[in-house]
Structure formats: structure tokens, C-alpha cells
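Visitor: Quick one: sequence and predicted model below, then my questions.
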Amino acid sequence: DVQMTQSPSSLSASVGDRITITCRTSQSSSTYLNWYQQKPGKAPKLLIYAASSLQSGVPSRFSGSGSGTDFALTISSLQPEDFATYYCQQSYTSPWTFGQGTKVEIK
Amino acid sequence: EVHLVESGGRLVQPGGSLRLSCAASGFTFSTFAMHWVRQAPGKGLEWISYISSTSNSIYYADSVKGRFTISRDNAKNSLYLQMSSLRSEDTAVYFCAREAVSLFDYWGQGTLVTVSS
């Protein structure tokens, strides 16, 4: 199975900050790496797919990068509605594994 | 508009069985692969099962293999998860999700399964 290492597990930031969350896979996932946002009590929402493609309707302050085993999600200017938990997911091979999540909290 | 609505979650005793359903609407269900993903209370997301559009290909996580069965009825636009030999560690919110070329683009709101005596 492809193991996912996401970091940090949590971070505190202020509105307007630029933040980066990283995700490492235990073997190459090419660019089959997706990012999801989840708010409490809600279903996950797709933000980024294929490592760097922005899902329709997602604000352009979200961006993704990377390939192979190292990936990153960047929010260029944190907004109040961005405080949530973020998960990476590899879709290169079954089982479709998720990172452990990064909780973004208000400083 | 795409909608996925899960149902069937409830309190069940250890060793018991339960069938979850996911009703799909707003898209051609028969042309999309589907997944079940769960989330234990306060924990992260865990993928548990996949079924192709024609049911020809099915996969399970090791944690549920041999106990859970995924199926679908394309005529009824519905996805199912038959769960048996339930354990306390199966307590979670269960989500169905649509796959669109290696990404999960739509998710249901989830249904809570609680395994406890």
C-alpha cells in the first residue's frame, strides 16, 4: 500500500497568511494526487486534482504542486472560510490512501 | 445538480449486520465508478471500497475485506454497502463518493454507523 505522510498535522495562522501543507507518498504516485478540504460535520470537498489542477469553483488562492513522491498545497492568502482540515489522497493505485490530515486553525 | 444521499446508518451490536445505501441523482450513475469512505469520530478519512461502473471490478481495504460487500443497481441509481461481523472499530460516518477519472468529485453527506452493545 502507498503510505501517505502529511505535515504538519496542525497549524495556526492568521487571515492573510500564506501557508503550505506538504504530502509525501511512500512510492511514486506520478501526479495522481488530490487535495480535499473538510469542515466539521461536512463531507470533504475536492480542491486540487492531478497534483496541480484547480477544481471548478475553487478560489485561485489555492494551488497545488509536485510530482512523484513530494507534493504541496499552498493557500496564498488565508481567508476566514479556509479554516478547516485538509487531506491529500493518492489515486495512483488501490487502496486509495489519504494523508492523516492537517487542521488549519485561527491564530 | 449531482446529489448523493446515504442512508441506513444506525446503532448496531457488535457482530451484527447493516446495509447502507447511497441514492444518486443528477448524473448518469451507470457511467461512473463509486467508492465508500469512512471517518471514525475525530479521525481522518479511510477509503474502504470501490466498484466500477459495471460492477466488473471491486476492491476493498484490508480492514473490511471478507466482512463488507459493495454492490450497485444501475437501474435504481443506487450504491450499497453490506456490512457484517461489525466491530466497535467500524464505528464511523460512512460517505459514498463518485469517482471521475482518479478523483472523488462529489460526496454524500454521510451516514453514522455506531457499533456498540
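Guide: The structure has been received and is ready for your questions.
Visitor: where along the chain do the helices fall?
Guide: You didn't say which chain, so I picked chain A. Taking DSSP state H as the test, none of chain A falls into helices.
Visitor: Not quite, go with chain B.
Guide: All residues of chain B lie outside helices when identified by DSSP H.
Visitor: Enumerate the residues of it near chain A.
Guide: Residues of chain B lying near chain A by Cβ under 8 Å from any Cβ of the partner chain: B:35, B:37, B:44-47, B:50, B:59, B:61-62, B:95, B:102-105, B:107-110. Where C-beta positions appear, they are placed from N, C-alpha and C, glycine not excepted.
Visitor: Residue 52: neighbour count?
Guide: In the absence of a named chain, chain A is used. If you count neighbours by other Cβ atoms under 10 Å in any protein chain shown, residue A:52 ends up with 17.
Visitor: Correction: the question concerned chain B.
Guide: Per other Cβ under 10 Å, the neighbour tally for residue B:52 reads 14.
Visitor: what pLDDT does the closest residue to it other than its chain neighbours get?
Guide: The shortest distance from residue B:52 to any residue other than its chain neighbours is 5.0 Å, reached at residue B:33 (Cβ to Cβ, 6 or more residues apart in numbering or on different chains). On the pLDDT scale, residue B:33 is placed at 98.
Visitor: And for the nearest residue to residue B:85 once chain neighbours are set aside, the neighbour number?
Guide: The shortest distance from residue B:85 to any non-neighbouring residue, by Cβ to Cβ, 6+ apart, is to residue B:67 (4.7 Å). Residue B:67 has 15 neighbouring residues, counting by other Cβ under 10 Å.
Visitor: One more: residue B:82?
Guide: Neighbours around residue B:82, by other Cβ under 10 Å: 14.
Visitor: How about residue B:73?
Guide: Residue B:73: 13 surrounding residues under other Cβ under 10 Å.
Visitor: Quick check: bridge partners of it?
Guide: Here residue B:73 sits in beta bridges with residue B:78, going by DSSP bridges.
Visitor: Give me the most central residue, the chain.
Guide: Chain wasn't specified; assuming chain A. By Cα atoms, centre = their mean, chain A has its centre lying nearest to residue A:35, at 3.8 Å.
Visitor: I was after chain B.
Guide: Note: chain B centre (Cα atoms, centre = their mean) maps to residue B:36, 3.2 Å.
Visitor: show me the contacts for the residue nearest to it when sequence neighbours are not counted.
Guide: Nearest residue to residue B:36 in three dimensions, chain neighbours excluded: residue B:49, at 4.5 Å (Cβ to Cβ, 6+ apart). Contacts were defined as Cβ atoms under 8 Å, 6 or more residues apart in numbering or on different chains; by that measure residue B:49 touches B:35, B:36, B:58, B:59, B:60, B:61, B:64, B:68, B:70, B:81.
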